[in-house]
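In: structure for this input, please:
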Amino acid sequence: MPPFNRQAKTNTRSNRSSARSAADNGDYSTVRDDVQDRLLSELNPAVSGADNDEVRRAVERIFSEIVIERNLPLSRSERAAMLDMVIADILGLGPLETLLRDTSVTKILVNGPHNVYVERRGVLERTTLEFSDNEDVMRIIERIVAPIGRRVDESSPMVDARLADGSRVNVIIPPLSLIGPCLSIRKFAKTALSVEDMIRLGTLTSEGADFLRSCVRAKLNIVVSGGTSTGKTTVLNTLSSFIPNTDRIITIEDVAELQLQQDHVVRLESRPPNVEGRGEVNIRQLVINALRMRPDRIVVGEVRGGEALDMLHAMNTGHEGSLTTIHSNSARDTLHRVETMVLMAGMDLPLRAIREQIAAAFDLVVHLARLADGSRKIVQISEVQGMEGDIIVMQDIFRFVQTGFVQQKVHGRFTAVGVRPKFVKRFESMGIPLAPDLFVPSKPAANGKHFW
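Out: Residues are numbered from 1 along each chain as shown. I've put the predicted structure just below:
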């Protein structure tokens, strides 16, 4: 087995070296341009852009003809590497194609043409990939945003987009970016992570999963909170998978990325303004419209502004079982953030009235954090219990307790705090069973370590 691994590494280095040799060859850009020109002139106009197999065969044939015509001194490996690069440039996203195919890469960060970083297992590392220049990066950006009707130029230098597989893309270009066009891609798995996958990865425990499944079935209004890149959307996908297949679900997102598997799902996506500055449809308008669509469940990908007020109205007027995500630093901070966002709606409401709306609307806050070893875990599951005076009362039901940091790995346990939530009565009235010892705190292991 070890010799095989060494050989694989050698082959990988050899392929990269061949690719660099092909890229460094001054004929590459000319060959690529010639292939593109001939492809446009020879390809049957009736062939749709989606017929990539026919286009690929045409590219391979034209490339071979050009190499022979120009008598290019390329070895077999260099020729194969250059062909791969031409195909990636014409049909795909150029140098990024190899990273998009790499399942270990979760994020791709392009900082101008000469600095490309990736994230693996929560850790950033720089790659050897480069673009030729700013125009080369812009060409890839245009290929990403054009199919979904978005645009990026000096008048609109920032844009959110998505790839065909649902991966989220953010673009910012000069004059706002001083280092050239910047591209951030958050890759999504081809299939949504199952509950079993999240338990195996350590994001939550089987007891926590059983509890959250019961909460979704009982139609509690749940907020998933956490900082940037903590896995909020992944957990929201998992919670959504617990919704019965008989429910009508309306999803509302800035950039569609949720992967719900139920039959009756209506997906809504906001729209930016056009070139004339008209036609914008924001999240708040979609939330208001969703209330007229006879939803059983409303799932908002992320609440960032005034739509928080409309979400509260929906949750307080019979639309139970709603789910959403919010950026925050703790479960308590989540409610403070909602207060601020309600004020952004422009309504002159007293703070106590806002807090009463929040306390009545939200049942549960599921908070995630990214720990020191790069792992993402649910660290708090807290109940919103109501008001005492002017204060919203919250109570942790489960929390993650870190017990150590050994060999660059966080050790700890996910445990109940010993408090039975008030909404358990709803479970009983709906016939949803709960394990009798679910809310009993776990004890540390005899050796003082719990690996989770």
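In: can you get me a residue count around residue 150?
Out: Neighbourhood size, residue 150 [other Cβ atoms under 10 Å]: 20. No exception for glycine: its C-beta is placed from N, CA and C like everyone else's.
In: hmm, it is touching residue 159, no?
Out: Yes: assessed by Cβ atoms under 8 Å, residue 150 is found in contact with residue 159 at 5.0 Å.
In: walk me through the domains of this structure.
Out: 1-91, 93-189, 195-429 (automatic domain parsing).
In: redo these as TSV? Include mean pLDDT and distance to residue 442.
Out: As requested, the domains of the chain are exported to TSV (pLDDT from 0 to 100; distance: least, Cβ to Cβ, whole Å):
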stretch	mean pLDDT	distance to residue 442
domain 1-91	62	38
domain 93-189	88	26
domain 195-429	90	4
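In: and those domains: which comes nearest residue 439?
Out: Ranking the domains of the chain by proximity to residue 439 (Cβ to Cβ) places domain 195-429 first, at 4.7 Å.
In: quick one: that closest one to chain centroid distance?
Out: 15 Å (Cα atoms, centre = their mean, to the nearest Å).
In: and that domain, how far apart are its ends?
Out: 26 Å (Cα to Cα, to the nearest Å).
In: next: stretch 310-326.
Out: 15 Å.
In: contacts for that stretch next, please.
Out: By Cβ atoms under 8 Å, 6 or more residues apart in numbering, the surrounding residues in contact with stretch 310-326 are 216, 219-226, 232-233, 236, 239-240, 243, 247, 284, 287-288, 290-291, 295-303, 334, 337-338, 342, 345, 357-358, 360-362.
In: buried members of the residues you listed into PyMOL, please.
Out: Under the burial definition 16 or more other Cβ atoms under 10 Å, those of the contacts of stretch 310-326 that qualify are selected in PyMOL by:
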select buried, resi 216+219+220+221+222+223+224+225+226+232+233+236+239+240+243+284+287+290+291+295+296+297+298+299+300+301+302+303+334+337+338+342+345+357+358+361+362
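In: just the contacts of stretch 310-326: which are in helices?
Out: 216, 232-233, 236, 239-240, 284, 287-288, 290, 334, 337-338, 342, 357-358, 360-361 (DSSP state H).
In: re the thing from before, how about TSV for the domains of the chain, with distance to residue 443 added?
Out: TSV is the format used below for those (distance: least, Cβ to Cβ, whole Å):
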stretch	distance to residue 443
domain 1-91	40
domain 93-189	29
domain 195-429	9
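In: show me where the stretch 101-250 of the chain has its strands.
Out: Taking DSSP state E, counting those that start in this stretch as the test, the strands found in the stretch 101-250 of the chain are 107-111, 116-120, 123-126, 158-162, 168-172, 182-186, 222-226, 249-253.
In: please identify the most buried of those strands.
Out: strand 222-226 (a mean of 27; mean count of other Cβ atoms under 10 Å).
In: so residue 186 sits against residue 167, correct?
Out: Yes: look at residue 186 against residue 167 with Cβ under 8 Å: they come within range, at 6.1 Å.
In: turn the strands of the stretch 101-250 of the chain into TSV, including distance to residue 424.
Out: What follows is the strands of the stretch 101-250 of the chain, written out as TSV (distance: least, Cβ to Cβ, whole Å):
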stretch	distance to residue 424
strand 107-111	39
strand 116-120	39
strand 123-126	40
strand 158-162	39
strand 168-172	37
strand 182-186	36
strand 222-226	15
strand 249-253	25
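In: to residue 140, which of those strands lies closest?
Out: strand 182-186 (7.3 Å).
In: ok, residues contacting that closest one?
Out: So strand 182-186 is contacted by 96, 100, 106-112, 137, 140-141, 144, 163, 167-173, 229 (Cβ under 8 Å, 6+ apart).
In: CA atoms only for that strand, dumped as PDB, please.
Out: What follows is strand 182-186 as a C-alpha-only set of coordinates in PDB (Å, rounded to 0.1, in the frame of the first residue of the first chain):
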ATOM      1  CA  CYS A 182     -11.800  38.400  -6.400                       C
ATOM      2  CA  LEU A 183     -13.900  35.200  -6.400                       C
ATOM      3  CA  SER A 184     -15.100  33.200  -3.500                       C
ATOM      4  CA  ILE A 185     -16.700  29.800  -4.100                       C
ATOM      5  CA  ARG A 186     -18.300  27.800  -1.300                       C
END
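In: who does that strand pair up with?
Out: strand 107-111 (antiparallel), strand 168-172 (antiparallel) (DSSP bridges).
In: redo those as JSON lines? Include distance to residue 389.
Out: Converted to JSON lines, the strands paired with strand 182-186 look like this (distance: least, Cβ to Cβ, whole Å):
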{"stretch": "strand 107-111", "distance to residue 389": "44"}
{"stretch": "strand 168-172", "distance to residue 389": "41"}
